[in-house]
Structures are given as structure tokens and as C-alpha cells.
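Engineer: got a predicted structure plus its sequence, pasted below:
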Amino acid sequence: MQSKHYPQHIDLEPVMHARGAVRLPGSKSISNRTLLLAALAEGTTVIHDLLASDDTLVMLGALRELGIGWEQKNDHTHVVHGSGGTLPNAKADLFMGNAGTAIRPLTAALAVIGGDFTLHGVSRMHERPIGDLVDALNAVGARIEYTGNPGYPPLHIRPGQVAPERMAVRGNVSSQFLTALLMAAPLMAKEHPVTIEVVGELISKPYIEITLNLMGRFGVAVEQDGWRAFTVRPGQRYTSPGSIRVEGDASSASYFLAAGAIAGGPVRVEGVGRDSIQGDVRFADALELMGARVTRGDTWIEASADAPLKAIDADFNHIPDAAMTIAVAALYADGTSTLRNIASWRVKETDRLAAMAAELRKVGAIVEEGADYLRVTPPAELTPATIDTYDDHRMAMCFSLASLDGAARRGNAMRINDPKCVAKTFPDYFETFASIAKDELF
């Protein structure tokens, strides 16, 4: 994986039509979960189509610091040598960037395995909450200390004794806290079953489904009591499946499917389809509610439209990342759209509710920002704008769509500041977007 150079900004000219096919990069959520499970498993795992991005580099770097051996065979294949639930290095200083999918599961695994570890990241990481996870672990014998603001990284993990039969974690801030505990549960369930209870509403349930699916592929079964409690029986160990392929990223698919819905299409995404384990494929359902034509295959999805999109009023708790794309697609709708139950946006890479509201207003939208909702009324005509991205990859990718001409209104010139933020999950995004942006209608 090599880093690439990005300019300070990218200028996008108005585009009349979007059509073509896109091969998606690997899923970030699947990639980082798979890397950690492969590291904890017995045996060697060959991982195909691992996402090449900042967040996976963070996880790979952390595993190397912990003594886990891995090699990159080619651009699409990595080999991870599992440790069988132990770590060769019992002391390490780990830089986690701004990768929530890395720091949260690693915190749980390291606290259970035991050792002397420090975890820290970029300044925004130190503003992203981790207190619910730390509280859940410390309550059952872990020794995790905050070295900055209580409730947030950086963290210092010291040796403890974690062998609970029951533990509890809040579910309404980030599903990654439950994911972290689930992935560490087989390491805790040595003599007794471990039951993890969810306190309050569990948000982003599809991401928990990804976790459970991948744990199963590595040989660990989890018993569910709905979404209220999860139990791992003793005697289970992670075992390499031999090889595993990472699906294309369903969140990244949203930008291209939305482009097809806004600017005619058809646009097809390849690498994710009707049988995906990722909840964000349900973004396509939201596009259908907005009037787009969507077709699905086993490993692909395609979107097109020949009429203005319809305004939408819907709950997006289940797909918070992909819902950001709906907020920009709402610029092309026939009325006011409301995105509900998206409070988790505030604790992501930036405060996405505030950031999205500010940038939508720049292009002329009337926006109402609530504690957990966003209401978007499109302008008669989109205004050229310089979009700030807040070091948030999804802000940059979402607002590329505002350069498209739709059936209801024309796009306009957009300057995207700090485009290097897309390296977090999709380093080649702007080149890929350009490949489907057409100057002619036919």
C-alpha cells in the first residue's frame, strides 16, 4: 500500500450525465475486522481484496507493533499469521490515526489479552468517545486509564484479569463498542459463557451483523437474544478459514448509485450485491423510495432515473454513513427531505450533522439541523461553492455529487478542499468519479 499525492483542492465542473461501471474498493468495516480476527486466530489467513486505505494501514501497523506477522503478496492479497489468541509483544505504543474500526476492537482485545499498551491518534480521534467501552471493560477487571480527557483516547492499558460471565455496554452511541466486546468475547469465555447485555437502544445494527458473520467465518458462534444480549460459549477459539475475500465497500457504493439516480445513469457498482453482509446495501432501498430504478445481482447493483427524485422522510439509524449521501441527493428532490435518527453523525470523523448543514447551505439549500435529524429543502438552482471537508472522507465524496445535472435542477462548479481526506477509505475516489461523469447525454 503506497500513499499518493493530493492537491490542496479539486475543482469539479458541472457534469451533464453519469453512467458506467465502477469496481469498488474493499469494505473498511470488513477489512479491519478481518485483519484483527486473522491476527487472533490459529493458523494463517490469506485475505483477498483488502481495502488499501489509511484506516487499514493503521490496523496493519498496529498488528506489526504487536508482533503479528503479515505480508502483502500483491495489490489485492495479504497474508496474516495468526497468534492463536496471544500477542508476541506484551508492550507497544500504537498510533491509531482516526480509525474507529481499529482503536475500539483493539482496545477490547488488548485489555483482555493483557500487557502494557498505549493507544493514541490524531486530534479528532481524541474527541471521539470511547468511555462506554472502557467502562464496560473496567467493570469486569480490565485496567484502562485515560491519559487525556476522561471518556476519550489516548488510553493506557495495563495488565488486568478479565474473566466475566456477564457484562453490559450502552448501545446508543456507537455500535463499535459492542463489536469490540463481541470480538474479544471468545478470549474471555475460557471457563464460563460470557453474555454481553446491551443497555438502551442499539444503533447501526447492520454493523453488528457484519461482526457476527465474520466471527462465524473464523469459527466462533454467538447466541442472540434479539438485540438485547449476546452470548459466547466457552471452548471456542478463532480458527483461520484459510482464505477470505473482502466485499466491495457498500458505503462507497452509495456515491455512484446516487450519481446514477441523479444524473440519469445507469451506473453499476461491482463487488457488492443482493447477498452482501453489509447493511449499507440498503441505501439502494432509499434510492428506490426517492424514485430511482434499482436492479440487483449477486455481486452488483445498478441505479438509474429519468425523472426528478422524490423527497424522502425516513429513519436512517440503520445506515448512518450512507445516509450522508441521501442528504446531498436531497438537493435534487422535488421537495423537502427529512433524515431522522442520525445523532451518531455527531461523534464520527467530525460532527457530521453540523458539517453537512453548513455545506448544504453553501450550495443554496435551506437546512434545519436538529439534535438527531436533518431537514433539507433544495434551492431552485445549485450555487457554485467551495466545500470544506473537515478531514472527513465522506464529506468530500458526498459533495462531488453536487456537480451533477439532475432532472430537477442543474449541478454547478464545486471546489472540494483538502481532497486527501478520501485516502481514509477510497484513495482513488475522484479518478473513479471522473470515469462515470460524462459531458454528453448519450
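Structural biologist: Happy to help now that I have it.
Engineer: which residues touch residue 234?
Structural biologist: Residue 234 sits next to 189, 190, 191, 192, 193 when contact means CB atoms under 8 Å, 6 or more residues apart in numbering. C-beta here means a position set from N, CA and C on the backbone, and glycine is covered the same way.
Engineer: what's the neighbour count on residue 275?
Structural biologist: Around residue 275 sit 11 other residues, with neighbours defined as other CB atoms under 10 Å.
Engineer: how far away is it from residue 88?
Structural biologist: If you measure residue 275 against residue 88 using CB to CB, to the nearest Å, the figure is 37 Å.
Engineer: can you classify residue 181 by secondary structure?
Structural biologist: Here residue 181 is helix, with the state taken from DSSP: H, G, I helix; E, B strand; the rest coil.
Engineer: so where do the helices sit in the stretch 151-300 of the chain?
Structural biologist: Per DSSP state H, counting those that start in this stretch, the stretch 151-300 of the chain has helices spanning 175-188, 205-217, 250-262, 283-289. These are given in chain order.
Engineer: of all these, which lies closest to residue 347?
Structural biologist: Go through the helices of the stretch 151-300 of the chain one by one with CB to CB and the one that ends up closest to residue 347 is helix 175-188, at 10.2 Å.
Engineer: same for the closest one, what does it pack against?
Structural biologist: helix 28-40, helix 100-113, helix 131-138, strand 166-170, strand 194-199, helix 205-217, strand 229-232 (3 or more CB pairs under 8 Å, 6 or more residues apart in numbering; DSSP states H and E).
Engineer: so which of the ones you listed is nearest residue 370?
Structural biologist: For the helices and strands packed on helix 175-188, proximity to residue 370 was assessed by CB to CB; strand 166-170 is nearest, at 21.5 Å.
Engineer: please name every helix or strand in contact with that closest one.
Structural biologist: Judged by 3+ CB pairs under 8 Å, 6+ apart, strand 166-170 is in contact with helix 131-138, helix 175-188, strand 194-199.
Engineer: show me what counts as buried in it.
Structural biologist: Neighbour-count burial for strand 166-170 flags 167, 168, 169, 170 (criterion: 16 or more other CB atoms under 10 Å).
Engineer: what are the bridge partners for the first one, then?
Structural biologist: Looking back up the chat, that one is residue 167. Bridge pairing for residue 167 (DSSP bridges) gives the partners residue 196.
Engineer: pretty sure it contacts residue 199?
Structural biologist: No. Residue 167 sits out of contact with residue 199 when judged by CB atoms under 8 Å, with a separation of 10.5 Å.
Engineer: nearest to residue 350, of the helices and strands packed on strand 166-170?
Structural biologist: Evaluated with CB to CB, the helices and strands packed on strand 166-170 place helix 175-188 nearest to residue 350, the distance being 16.6 Å.
Engineer: give me the mean pLDDT for the closest one.
Structural biologist: What helix 175-188 shows for mean pLDDT is 98.
Engineer: the inter-axis angle of it versus strand 166-170?
Structural biologist: 170 degrees (axes from the mean of the first three to the mean of the last three CA atoms, to 10 degrees).
Engineer: next one: helix 175-188 to chain centre, how far?
Structural biologist: 17 Å (CA atoms, centre = their mean, to the nearest Å).
Engineer: for residue 190, which non-adjacent residue is closest in space?
Structural biologist: Spatial nearest neighbour of residue 190, excluding adjacent residues (CB to CB, 6 or more residues apart in numbering): residue 234 at 6.1 Å.
Engineer: please apply the same query to residue 354.
Structural biologist: Closest residue to residue 354 apart from its sequence neighbours, by CB to CB, 6+ apart: residue 369 at 6.7 Å.
Engineer: what does residue 319 give?
Structural biologist: Nearest residue to residue 319 in three dimensions, chain neighbours excluded: residue 280, at 5.2 Å (CB to CB, 6+ apart).
Engineer: and what of residue 331?
Structural biologist: Distance criterion CB to CB, 6+ apart; nearest residue to residue 331, sequence neighbours excluded, is residue 378 at 4.8 Å.
Engineer: surely the one you found and residue 329 touch.
Structural biologist: No. The pair residue 378 and residue 329 fails to qualify as a contact (CB under 8 Å) at a distance of 9.9 Å.
Engineer: more neighbours: those two, which one.
Structural biologist: For residue 378 versus residue 329, neighbours defined as other CB under 10 Å are more numerous around residue 329 (31 against 26).
Engineer: tell me the first helix or strand C-terminal of the strand or helix carrying that one.
Structural biologist: When secondary structure is defined using DSSP states H and E, the element that contains residue 329 is helix 320-329. Taking DSSP H and E as the definition, the helix or strand that follows helix 320-329 towards the C-terminus is strand 337-340.
Engineer: show me what that next one is packed up against.
Structural biologist: When contacts are defined as 3+ CB pairs under 8 Å, 6+ apart, strand 337-340 sits against strand 313-315, helix 320-329, strand 373-377.
Engineer: other SSEs contacting the longest one?
Structural biologist: By that I understand helix 320-329. Packed against helix 320-329, as judged by 3+ CB pairs under 8 Å, 6+ apart, are the following elements: helix 250-262, helix 283-289, strand 337-340, helix 352-362, helix 393-400.
Engineer: tell me the domain boundaries of the protein?
Structural biologist: Taking the TED database as the domain assignment, the ranges for the chain are 9-25+247-438, 28-232.
Engineer: rebuild those as a markdown table, extending it with distance to residue 241.
Structural biologist: Listed next are the domains of the chain as a markdown table, based on distance: least, CB to CB, whole Å:
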| stretch | distance to residue 241 |
| --- | --- |
| domain 9-25+247-438 | 14 |
| domain 28-232 | 5 |
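Engineer: quick one: which of those is nearest residue 238?
Structural biologist: When the domains of the chain are ranked by proximity to residue 238, the top entry is domain 28-232, at 3.9 Å, counting by CB to CB.
Engineer: make a markdown table from the buried residues of strand 166-170 and add distance to residue 212 and pLDDT to it.
Structural biologist: Formatted as a markdown table, the entries for the buried residues of strand 166-170 read as follows, by distance: CB to CB, whole Å; pLDDT from 0 to 100:
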| residue | distance to residue 212 | pLDDT |
| --- | --- | --- |
| 167 | 17 | 98 |
| 168 | 18 | 97 |
| 169 | 15 | 98 |
| 170 | 19 | 96 |
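Engineer: and the residues you listed, which is closest to residue 208?
Structural biologist: residue 169 (11.7 Å).
Engineer: now the end-to-end length of stretch 141-155.
Structural biologist: Across stretch 141-155, the straight-line distance between its terminal residues is 16 Å, by CA to CA, to the nearest Å.
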